[in-house]
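[1] Kindly generate the corresponding structure for this input.
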Amino acid sequence: MGLTEQTNLQKLVELRNVTKAYGQMAARPHVVLEHINLSITQHEFVSIVGPSGCGKSTLLRIMMGLSKPEDGEVYYHDRKLDGVCEAMSMVFQTFALFPWLNVVENVELGLEGKPFGKEEKRRRSLEVIKVIGLEGYEEAYPRELSGGMKQRVGLARAMVSEPEILLMDEPFSALDPLTSTHLREEVLHLWADPTLPPEAVVMVTHNVEEAVYMSDRIVVLTSRPGTIAKEVMVNIPRPRDPRSAELYRLVDEITGMIV
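    Numbering: from 1, shown residues only. Sure, this is the predicted structure:
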């Protein structure tokens with residue numbers, strides 16, 4: 001992507017001088033994030049990395065409006081975000097499926113509160129289930145699914161509302177290495193399809209190699225209180241070779257920033 005094209009891309013969400021703390025700000029007992037300035041634009045896959053406890057997951061929740069900062073503001077399409085942004089969806093590390101609901105019912109929860117009738121919700125859910133690769137498991141319950149299939153259900157639930165921004169919080173960390181590799185490839189395949197949402201993906205991960213392999217840009221946070229140490233552009237052409245020297249060079253560079 002050329003410089004002119006990058007400049008013309010629309011800014012979707014922006015965090016301006018965001019600080020998050022728990023407890024009384026005057027005493028500053030638990031400042032998690034401090035003075036975060038970050039924007040997410042169209043057509044980019046952004047990963048957030050940093051040491052444990054630096055506020056990566058908190059940053060996602062603030063971005064979506066699930067958590068309010070003590071200071072600073074979040075803007076969505078240049079309008080101040082007040083409450084949960086319905087144009088964003090979240091994929092969780094722990095799948096967060098309801099065990100008493102089957103696959104299609106769990107996916108339909110992603111349309112809760114949307115102005116669709118029962119038949120339209122079912123149609124949309126079945127459609128995304130097919131896209132995600134779960135066709136034939138519509139009536140299965142979470143206890144009958146492998147970890148990878150459970151995470152596919154979580155992804156389908158996040159995708160069914162056709163979000164403009166997809167947020168993923170450690171989406172592969174609860175899976176075995178082989179399953180996580182396959183699911184990463186499936187997510188990248190979906191991301192590469194211009195006919196499918198979303199417009200941007202923001203992923204939190206502890207796995208720097210995963211971040212470099214999947215992302216266009218990587219945001220490196222410092223230890224608590226989390227601040228942005230550096231933003232690294234990943235200019236490796238896609239599809240990427242996970243064993244390439246260029247990828248490993250960037251992995252080493254970013255790993256060295258995390259202290």
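
[2] May I have the secondary structure class of Glu120?
    helix (DSSP: H, G, I helix; E, B strand; the rest coil).

[3] Please report how far it lies from Asn106.
    Distance from Glu120 to Asn106, counting by C-beta to C-beta, to the nearest Å: 17 Å. In short, each C-beta sits where N, CA and C put it, glycine included.

[4] So for the two, which sits in the more crowded spot?
    Applying other C-beta atoms under 10 Å to Glu120 and Asn106 shows that Asn106 carries more neighbours, namely 23 against 12.

[5] dump the residue contacts of the more buried one.
    With contacts defined as C-beta atoms under 8 Å, 6 or more residues apart in numbering, the neighbours of Asn106 are 97-98, 142, 153, 157.

[6] Tell me the spacing between it and Arg123.
    16 Å.

[7] any idea where the helices of the protein begin and end?
    Per DSSP state H, the chain carries helices over the ranges 3-8, 56-64, 103-108, 118-132, 147-159, 177-192, 208-214, 245-255.

[8] how about low-confidence regions in the chain?
    Flagging of the chain using pLDDT under 70 yields the residue ranges 1-7, 24-29.

[9] Mind putting the contacts of Asn106 into TSV with neighbour count and distance to Val220?
    As requested, these are exported to TSV (neighbours: other C-beta atoms under 10 Å; distance: C-beta to C-beta, whole Å):
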residue	neighbour count	distance to Val220
Leu97	23	32
Phe98	11	35
Pro142	17	35
Val153	25	31
Arg157	28	30
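
[10] between the residues you listed, which is nearest Arg16?
    The shortest approach to Arg16 among the contacts of Asn106 belongs to Arg157, at 30.2 Å (C-beta to C-beta).

[11] which residues touch the nearest residue to the closest one once chain neighbours are set aside?
    Setting aside the residues directly before and after it, Arg157 is nearest to Gly110 in space (C-beta to C-beta, 6 or more residues apart in numbering), at 4.1 Å. Counting by C-beta under 8 Å, 6+ apart, Gly110 touches 89, 125, 156-161.

[12] quick check, nearest of those residues to Leu38?
    Lowest distance from Leu38 to those (C-beta to C-beta) belongs to Ser89, with 19.0 Å.

[13] my guess is the closest one contacts Pro163, does it?
    Yes: at 4.0 Å, Ser89 counts as touching Pro163 under the criterion of C-beta atoms under 8 Å.

[14] so what sits against both of these two?
    By C-beta under 8 Å, 6+ apart, the residues touching both Ser89 and Pro163 are Pro198.

[15] list the contacts for Thr205?
    47-49, 170, 172-173, 211.

[16] where's it relative to Phe45, distance?
    Taking C-beta to C-beta, one finds Thr205 at 12 Å from Phe45.

[17] what do you get for Gln151?
    Going from Gln151 to Phe45 by C-beta to C-beta gives 18 Å.

[18] Of these two, which one has the most company?
    Gln151 (28 against 23).

[19] wait, doesn't the more buried one sit right on Leu175?
    Yes: here Gln151 reaches Leu175: they are 6.5 Å apart, a contact under C-beta under 8 Å.

[20] which residues do the two both contact?
    Leu183.

[21] Determine the number of other residues adjacent to Pro198.
    24.

[22] rewinding a little: ok, which of the helices of the chain comes nearest Leu221?
    helix 56-64 (6.3 Å).

[23] Against which helices or strands is that closest one packed?
    strand 11-22, strand 30-41, strand 44-49, strand 88-91, strand 165-169, strand 200-204 (3 or more C-beta pairs under 8 Å, 6 or more residues apart in numbering; DSSP states H and E).

[24] can I get those in a markdown table with distance to Asp216?
    Listed next are those as a markdown table, based on distance: least, C-beta to C-beta, whole Å:
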| stretch | distance to Asp216 |
| --- | --- |
| strand 11-22 | 14 |
| strand 30-41 | 10 |
| strand 44-49 | 5 |
| strand 88-91 | 18 |
| strand 165-169 | 14 |
| strand 200-204 | 9 |
